[in-house]
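Q: need coordinates for the following:
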Amino acid sequence: VSPVVLAPYLLWVRFYLDGVAATALDAFRPMLAVSDAEFLKLRYELTTLSARTTRLVTAVAMAVLLLNSVLLPGSVVWQFGSSFGAALIAIGPVGLFTVAVVAVSTVQALHQLRMVERIYDLVGKIALLRAKPLYAFSQLTARTGASLLLLTYYVAAARPDLVSSSPVIEALLVAMVPTAIACFVLPLRGMHRRLAAEKDRALAEVASRLEAVFGRLHERVDQEVLADADKLNAQITSLSAEREALARVSTWPWEPATLTGFLTTLLLPAL
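A: So this is what the prediction gives:
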């Protein structure tokens, strides 16, 4: 049952994530100082895996499947045929197609996430109070991770016998959970560092200006000259409001709802 479900699911996920990636790139367009031709090239590279890589990944995946099939115990093989050869004829084509789809989809996802890091590197000056376009790719990274989690939970629930009898599949499923988390977080860490550095710089700049205004205020108090106290008070209020606004800016490039949705996908099925 699993191969029949997995291949269509992963094909759908692959096309779905390509659409999410294209939409995210469109939302990210104001942050990129690139020409239209360069933007179209980025879109193509973000949503397309090269033919050479696809062929190589497919060949490796098929070789791994054949090796794993040889190592399977007879109790599993006999579910599909009276002998290894008969079982291979019965489920071989579907199995080969499924592992090829799994492998290519995984490599395409990793390629896509690396492209996110590359696109982030093209961003010039960051405006903290206008940083929402920077959150666009968190939808892609979160949904990529969530798709791996759903796949993991499905395989573990639907075919526990296959998981327990195959060390390769068991190891892959265990590795899927930290991989899904990494898919969500790691591509965003570079932008997180840049946002954090810009936030520190902006807060230090506001603090410096507040110190200067307080210094002028102290001079007026010492001299008992408070004719412009209202102006100084207005400056202090304005700078304090700016500091509070900057302090509330998140340095992780995602919306709270995105993080909540990912954590729900991670924890709820397990619970």
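
Q: the helices in the protein, which residues?
A: In the chain, the helices defined using DSSP state H lie at 2-28, 36-47, 51-71, 74-77, 84-121, 136-158, 160-165, 167-185, 189-223, 229-247, 256-267.

Q: looking at these, which is nearest to residue 129?
A: Of all the helices of the chain, helix 229-247 sits nearest to residue 129, with 6.8 Å by C-beta to C-beta. All C-beta atoms are positioned from the backbone trio N, CA, C, and that covers glycine.

Q: what's that closest one packed up against?
A: Secondary-structure packing of helix 229-247 (3 or more C-beta pairs under 8 Å, 6 or more residues apart in numbering; DSSP states H and E): helix 189-223.

Q: quick one: average pLDDT of the helix it packs on?
A: On average, the pLDDT along helix 189-223 is 93.

Q: which positions in it come out as buried?
A: Using 16 or more other C-beta atoms under 10 Å as the test for burial, helix 189-223 gives 190-192, 194-195, 198-199, 202-203, 206, 209-210, 213, 217.

Q: okay, the residues you listed in TSV with distance to residue 184 next?
A: As requested, the buried residues of helix 189-223 are exported to TSV (distance: C-beta to C-beta, whole Å):
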residue	distance to residue 184
190	14
191	13
192	12
194	18
195	17
198	22
199	21
202	27
203	27
206	32
209	37
210	37
213	42
217	47
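
Q: out of those, which is nearest to residue 248?
A: Checking the buried residues of helix 189-223 against residue 248 with C-beta to C-beta, the nearest one is residue 199 at 10.2 Å.

Q: who are the neighbours in contact with that closest one?
A: With contacts defined as C-beta atoms under 8 Å, 6 or more residues apart in numbering, residue 199 is in contact with 128, 246, 249, 251.

Q: I'd like the residues you listed as CSV, with distance to residue 29 and pLDDT appended.
A: Output for the contacts of residue 199, formatted as CSV (distance: C-beta to C-beta, whole Å; pLDDT from 0 to 100):
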residue, distance to residue 29, pLDDT
128, 19, 90
246, 25, 94
249, 22, 92
251, 23, 94
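
Q: identify the farthest-apart pair in the residues you listed.
A: Greatest spacing in these, by C-beta to C-beta: 246 and 251 (10.8 Å).

Q: picking that back up, out of the helices of the chain, deepest packed?
A: When you average the neighbours per residue for each of these (mean count of other C-beta atoms under 10 Å), helix 136-158 leads with a mean of 21.

Q: show me the contacts for the residue nearest to residue 206 when sequence neighbours are not counted.
A: Sequence neighbours aside, residue 243 is the residue nearest to residue 206 in space, at 4.7 Å (criterion: C-beta to C-beta, 6 or more residues apart in numbering). Counting by C-beta under 8 Å, 6+ apart, residue 243 makes contact with 203, 206, 207, 210.

Q: hang on, the first one packs against residue 249?
A: No - in terms of C-beta atoms under 8 Å, residue 203 does not count as a neighbour of residue 249; the distance is 9.6 Å.
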